[in-house]
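**Student:** here you go, sequence then predicted model.
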Amino acid sequence: MPGTQNIFVFKTVRLRLIVYVGLILIGGFLATNVLSYQISKDTIRTTVLENELPLSSNTIYSEIQTDLLRPIFISSLMANDTFLRDWAINGENGPKKVIRYLKSIRDKYDAFTSYFISANSLNYYHFSGLTRTLSTTAPDDQWFFRVGEMPEEYEINIDNNAEQGGAITIFINYRVLDYDGKFIGIAGIGLGLNSVADMIKQYQKNFRRRIYFIDQDGNIHLDSADIPKTGTNIRGQQGLDKIAAKIISNKTGAFVFERNNETVLLTTRYLPELKWYLLVELNESQATKELWKSFLVNLAIGSAVIVLTVILISYTVNIFQSRLEEMASTDKLTGLGNRQTFEIVLNQAMAQFERNQSPFSLILIDIDHFKNINDSYGHLNGDKVLEAFAVHTRKMNRQSDILCRWGGEEFIILATDCALIDAKRLAENIRASISKARFVDGHPERQITISAGVSEIQGGETGEQVISRADKALYAAKENGRDQVQES
């Protein structure tokens, strides 16, 4: 309806103005700052992936060649030592000789363990003594026969060290060959995994990156971010599972993935000496930490400026808007709430009904033959009748009831906490009282009557449906001769 539309325009003009100005300021400010932040962020990401992480990887690899490849060299020396080869070829006479040899290797190079396993006798010689004899059928001993047949000179293996309390150990298993190239055993040393883990953690501390190693199947063997555990595979880790195949199939790589709602930058490198992949990763938030702080500072300053601007606009418009709202919500002639006001009250009553089933009723009132009053006594007297009717009816209502002008000579009452029977009684009282009153100035003989329709809210109804039923009841009252109350 036009009146309602005008009221709505008046009521929302301030909000619209503030919203439009605020959106312009916010949009321009955010567009500039976000674009600048994103460009800087992309630049940092490229720099980290193409320069910083590869540089860290190269530096770590250089240190690994010193720290971790040294045991491979020592194992190679053992495998090519003429004493060890001759002792094994000549029948392994005098086990104490090789035990002393292994102990001297361990002490000299500060190894965690040193050992030799003979392919002829399957004896396991340890720096602490002859510990056991391997079995061709024992599952735990199959690694020996596998290494004996492999074409490579050595392998790096992580396993439990049965000779030293089951400690997890990195074994450098080096094949020992006789002078004709025949396999005669395996020699090597071992590193305690905890000591290697400490080394990796030191790398993390120095480079402030997560550093970990995986084999060609994707199993993580050493990880600076946690206590290393065998059996953990990148295929089962969030984010890494989607790029695991690419990591393992390429010698080097640079990747960006998501883990726990955070972007992670990753570079990978295959280490042929270890047959492992070196993975170095950095959370993007850590790389852009300072940039993010600058962005937040700019955002705070800009937000403060926008808020102050909006407050100033709001204050400027507030007086004008408040006057418009008063005009929009009050009927100028009768001083009652108008149709817009009633819609707000009705919505509140509907919400309360939905919460606690508190009933309410509507009484829709029409002054009978009001056109005759205007025609007979003039519109000025007609307006006075409406004013007097409003004052009189308001006195008849309860304090909690809401009386509004519905339009023309129609009025509506919202009776809160009021069932249909009580609302009908109220409407009847108003009807009887109006019929006895005299509202036309100078014409006390002129009687005013009203017709009224009453409806009570029912479950599942909308506000429009309750009003529609009251309107139908009012129409029935008019059809039945006016000056009466009908319910629906």
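**Tutor:** Yep, it's here.
**Student:** tell me the buried residues in stretch 448-465?
**Tutor:** Judged by neighbour count using 16 or more other Cβ atoms under 10 Å, the buried positions of stretch 448-465 are 448, 450-457, 461, 463. Quick note: C-beta positions are derived from backbone N, CA and C, even for glycine.
**Student:** gap between the two ends of that stretch?
**Tutor:** Taking Cα to Cα, to the nearest Å as the measure, stretch 448-465 stretches 29 Å from start to finish.
**Student:** 6 is where my numbering starts, stick with that
**Tutor:** Got it, first residue is 6 now, which makes that one stretch 453-470.
**Student:** what mean pLDDT would you report for it?
**Tutor:** Averaging pLDDT along stretch 453-470 gives 93.
**Student:** swap in stretch 214-225?
**Tutor:** Averaging pLDDT along stretch 214-225 gives 87.
**Student:** what about it, how long is it end to end?
**Tutor:** When the termini of stretch 214-225 are compared using Cα to Cα, they are 16 Å apart.
**Student:** buried ones in it?
**Tutor:** Buried residues in stretch 214-225 (16+ other Cβ under 10 Å): 214-220, 223-225.
**Student:** what of stretch 91-107?
**Tutor:** Residues 92-94, 97, 103-104, 106-107 are the ones in stretch 91-107 that count as buried (16+ other Cβ under 10 Å).
**Student:** the buried residues of stretch 453-470: which two are farthest apart?
**Tutor:** Within the buried residues of stretch 453-470, 453 and 466 form the most distant pair, 32.2 Å apart (Cβ to Cβ).
**Student:** contact partners for residue 340?
**Tutor:** The neighbours of residue 340, taking Cβ atoms under 8 Å, 6 or more residues apart in numbering as the test, are 392, 395.
**Student:** helix or strand for it, which one?
**Tutor:** For residue 340, there is no host helix or strand (DSSP states H and E).
**Student:** re the thing from before, reformat the buried residues of stretch 214-225 as a markdown table; add secondary structure and distance to residue 252.
**Tutor:** Output for the buried residues of stretch 214-225, formatted as a markdown table (DSSP: H, G, I helix; E, B strand; the rest coil; distance: Cβ to Cβ, whole Å):
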| residue | secondary structure | distance to residue 252 |
| --- | --- | --- |
| 214 | coil | 16 |
| 215 | strand | 14 |
| 216 | strand | 15 |
| 217 | strand | 12 |
| 218 | strand | 12 |
| 219 | strand | 8 |
| 220 | coil | 12 |
| 223 | coil | 8 |
| 224 | strand | 12 |
| 225 | strand | 12 |
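**Student:** from those, pick the one nearest residue 120.
**Tutor:** residue 220 (21.9 Å).
**Student:** shouldn't residue 436 be within a helix?
**Tutor:** Yes: per DSSP: H, G, I helix; E, B strand; the rest coil, residue 436 lies within a helix segment.
**Student:** pretty sure it contacts residue 453?
**Tutor:** No: judged on Cβ atoms under 8 Å, residue 436 makes no contact with residue 453 at a distance of 10.5 Å.
**Student:** tell me, how many residues neighbour residue 479?
**Tutor:** 25 (other Cβ atoms under 10 Å).
**Student:** look up how far residue 458 lies from it.
**Tutor:** In this view, residue 479 and residue 458 are 3 Å apart by Cβ to Cβ, to the nearest Å.
**Student:** now residue 277
**Tutor:** For residue 277, the distance to residue 458 equals 93 Å [Cβ to Cβ].
**Student:** one more: residue 375?
**Tutor:** Using Cβ to Cβ, residue 375 is found at 16 Å from residue 458.
**Student:** helix, strand or coil for residue 486?
**Tutor:** Judged by three-state DSSP, the three-state class of residue 486 is coil.
**Student:** quick one, helices of the stretch 256-405 of the chain?
**Tutor:** 289-292, 294-334, 344-361, 375-382, 384-401 (DSSP state H, counting those that start in this stretch).
**Student:** can you list the ones you listed in TSV and add distance to residue 449?
**Tutor:** Shown next, in TSV, are the helices of the stretch 256-405 of the chain (distance: least, Cβ to Cβ, whole Å):
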stretch	distance to residue 449
helix 289-292	86
helix 294-334	35
helix 344-361	32
helix 375-382	13
helix 384-401	13
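**Student:** and those helices, which one's lowest on average pLDDT?
**Tutor:** Across these, helix 294-334 gives the lowest mean pLDDT, at a mean of 74.
**Student:** tell me what angle it forms with helix 344-361.
**Tutor:** Interaxial angle, helix 294-334 versus helix 344-361 (axes from the mean of the first three to the mean of the last three Cα atoms, to 10 degrees): 120 degrees.
**Student:** for helix 294-334, packing partners?
**Tutor:** On a contact count with 3 or more Cβ pairs under 8 Å, 6 or more residues apart in numbering; DSSP states H and E, helix 294-334 meets helix 7-52, helix 344-361.
**Student:** 10 Å instead, please
**Tutor:** Identification of packing neighbours for helix 294-334 by 3 or more Cβ pairs under 10 Å, 6 or more residues apart in numbering; DSSP states H and E yields helix 7-52, helix 289-292, helix 344-361.
**Student:** okay, those in TSV with distance to residue 412 and mean neighbour count next?
**Tutor:** Output for the helices and strands packed on helix 294-334, formatted as TSV (distance: least, Cβ to Cβ, whole Å; neighbours: other Cβ atoms under 10 Å):
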stretch	distance to residue 412	mean neighbour count
helix 7-52	8	14
helix 289-292	61	16
helix 344-361	6	16
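**Student:** if anything else comes up later, I'll come back, but that's it for now.
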